[in-house]
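# Predicted model follows, preceded by the sequence.
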Amino acid sequence: MKKIAVALAFTIYLLAVAAILAPVNAQVPITVWGYVKMPDGSPAVGASVTVKAADISKTVTTDSSGKYKVDLTVPSVPVKVTVTAKKGRYRGSASKVGEGVIRIDVVLKYSPPPKKSTSIELSVDKNEYVVGDVVVVKGYIKPAMSVTVTITIVKPDGTSVSDNIKTQNDGSFTYSFIVDKTGIWKIQVKYAGSSEYAGSSSPVVEIVVKEKAYITMSAIATEPGKVIVEGVVEPPISGATVMVYVSLDGGNTWLYLLNTTTDENGHYRAELEFTVGGNMLFKAIFPGTQTVTYCETEAPPAIKLPTPGEEELKKKEEELKKKLTELENENVQLKEKVKELTEKLEEAQQTIEELSTTVATLESGSEKLKTATFIGIPLAAITCTVVGLLLGKRIAKVK
């Protein structure tokens, strides 16, 4: 019990000593003084002087001899004291660690006025280009002035090219160059600054350069309701996605059908089935890759896909055309037969005319023979015989 009482009494004693010493340590006076001089050594009369020690500061003005004096109270010593002085465009400072009376002299130096800030804006006409394209860079510097700026272009392989550009009086500038490699190009413009203006840099502008791609497409209707589309992507890309579309209104609206992929030669093929018919346009789209551009079919192929009813009508039309051809062939044959019969009829008519002439001749002769009564009957018999023979020959010839 006694030990506890002794320990408690000792603790109270320490607390009392600390309470007494604390205000003593917080109230340590120091005096800081010295001279402030101009760069040529002359007194800096009327200079503003700020003395700071242990987060405590005070500002005074130098007298006609350039002298200053400041009294401070600090928590403890020794302490670091910093003196900062200024007069017009002249600045200076000095530091020292000490206690009691501390002398710190300061020599001012000329401090030029801060430079005016500048900024550069930069833009390109688009973000994606094709190898061989011309990139047009436009920008301007603020405030507007005619100065020389430097443009730096970093190629995808890490090599860079720099060039100087003279801005216009309104601060604007334009620069163009040709991209010859695929990948990401970086562009930046910098202004070095002048005695009046601070330097500045534009944000880095990145552009993507790709190889131009092309896609072909053909469409064939193989049977009612079925169409095969195929084509090639150039340059050949294996496993590339190709999207197939169809239009039923002449290309005003496009309906997505399916995706297909290319083989190692860039070739793609898809079989399509439809429950409708009519005039159709087809289109293929290649979405591109990191190094190859987007492209789509430039001339969509067109086909007319017949409906089931149209297909039936087409079959009937073909049957009628076939029947018509048969009838036309029969008509030709009949015309040839008629022509042949007409020729035979004309020959028969000619024979009849010849026979008529012969009969007339014979009749004339018979009249003369009638005077010879003694030979009349035999002559008549002979005439009939001759006529019969001639008619028989002519008729046989006509047949």
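Great, that's in hand.

# Who are the contact partners of the nearest residue to Ala192 once chain neighbours are set aside?
Distances taken as CB to CB, 6 or more residues apart in numbering place Gly199 nearest to Ala192, at 5.1 Å, with adjacent residues excluded. C-beta: built from backbone N, CA, C; applies to glycine. Residues near Gly199 by CB atoms under 8 Å, 6 or more residues apart in numbering: 118, 190-193.

# which stretches of the chain have low pLDDT?
Segments of the chain classed as low confidence (criterion: pLDDT under 70) are 1-26, 307-313, 365-399.

# Longest helix in it, please.
Among the segments of the chain that qualify as a helix by DSSP state H, the longest is helix 308-369.

# now the contacts of Gly199: which count as buried?
Burial by neighbour count, 16 or more other CB atoms under 10 Å: within these this picks out 118, 191.

# Turn the contacts of Gly199 into CSV, columns for distance to Arg91 and secondary structure.
Shown next, in CSV, are the contacts of Gly199 (distance: CB to CB, whole Å; DSSP: H, G, I helix; E, B strand; the rest coil):
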residue, distance to Arg91, secondary structure
Thr118, 24, coil
Lys190, 29, strand
Tyr191, 27, strand
Ala192, 26, coil
Gly193, 21, coil
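
# closest to Leu272 among the contacts of Gly199?
Lowest distance from Leu272 to the contacts of Gly199 (CB to CB) belongs to Lys190, with 56.7 Å.

# For the nearest residue to that closest one once chain neighbours are set aside, which residues are in contact?
Using CB to CB, 6+ apart and skipping the chain neighbours, the partner closest in space to Lys190 is Ser201 (4.6 Å). If you count contacts by CB under 8 Å, 6+ apart, Ser201 has them with 120, 188-191.

# quick revisit: quick check, nearest of the contacts of Gly199 to Leu258?
Nearest to Leu258 among those, counting by CB to CB, is Lys190 at 51.3 Å.

# For this protein, which segments count as helices?
Secondary structure of the chain, counting by DSSP H: helices at 2-25, 308-369, 376-398.

# ok, how many other residues are close to the closest residue to Asp125 other than its chain neighbours?
Of all residues not flanking Asp125 in the chain, Val136 sits nearest, at 5.2 Å (CB to CB, 6+ apart). For Val136, the neighbour count with other CB atoms under 10 Å is 13.

# Over to Asn265?
11.

# Show the contacting residues for it.
Listed by CB under 8 Å, 6+ apart, the contact set of Asn265 reads 232, 236, 238.

# How about the second one: what's its closest non-neighbour residue?
Beyond its immediate neighbours in the sequence, the residue positioned closest to Pro236 (CB to CB, 6+ apart) is Gly266, lying 3.3 Å away.

# For that neighbour, what are phi and psi?
With angles defined as degrees, to the nearest 10, Gly266 sits at phi 80, psi 10.

# ok, the closest residue to Gly193 other than its chain neighbours to Ser93 distance?
Excluding the flanking residues, the one nearest Gly193 by CB to CB, 6+ apart is Gly199, at 3.3 Å. To Ser93, Gly199 is 27 Å away according to CB to CB, to the nearest Å.

# same question, Thr260
Thr260 sits 76 Å away from Ser93, going by CB to CB.

# same deal with Lys283?
According to CB to CB, Lys283 and Ser93 sit 75 Å apart.

# burial of Lys86, as a residue count?
Lys86: 18 neighbours (other CB under 10 Å).

# And Val83, by the same measure?
Using other CB under 10 Å, Val83 is surrounded by 24 other residues.

# Can you name the residues bridging to it?
Val51, Ala94 (DSSP bridges).

# Quick check: it touching Val51?
Yes: counting by CB atoms under 8 Å, Val51 is a contact partner of Val83 at 5.3 Å.

# and for the two, which residues touch both?
Listed contacts common to Val83 and Val51 are Val32; contacts here mean CB under 8 Å, 6+ apart.

# ok, now which ones touch Val28?
Taking CB under 8 Å, 6+ apart as the test, what Val28 contacts is 73-77, 79, 99.

# Quick check: the gap between it and Tyr140.
For Val28, the distance to Tyr140 - CB to CB - is 60 Å.

# again, but for Thr361
Per CB to CB, Thr361 is found 126 Å from Tyr140.

# More neighbours: which of these two?
Ranked by neighbour count (other CB under 10 Å), Thr361 and Tyr140 place Tyr140 first, with 20 against 10.

# Contact partners for the more buried one?
Here Tyr140 is in contact with 120-121, 167, 170-173 (CB under 8 Å, 6+ apart).
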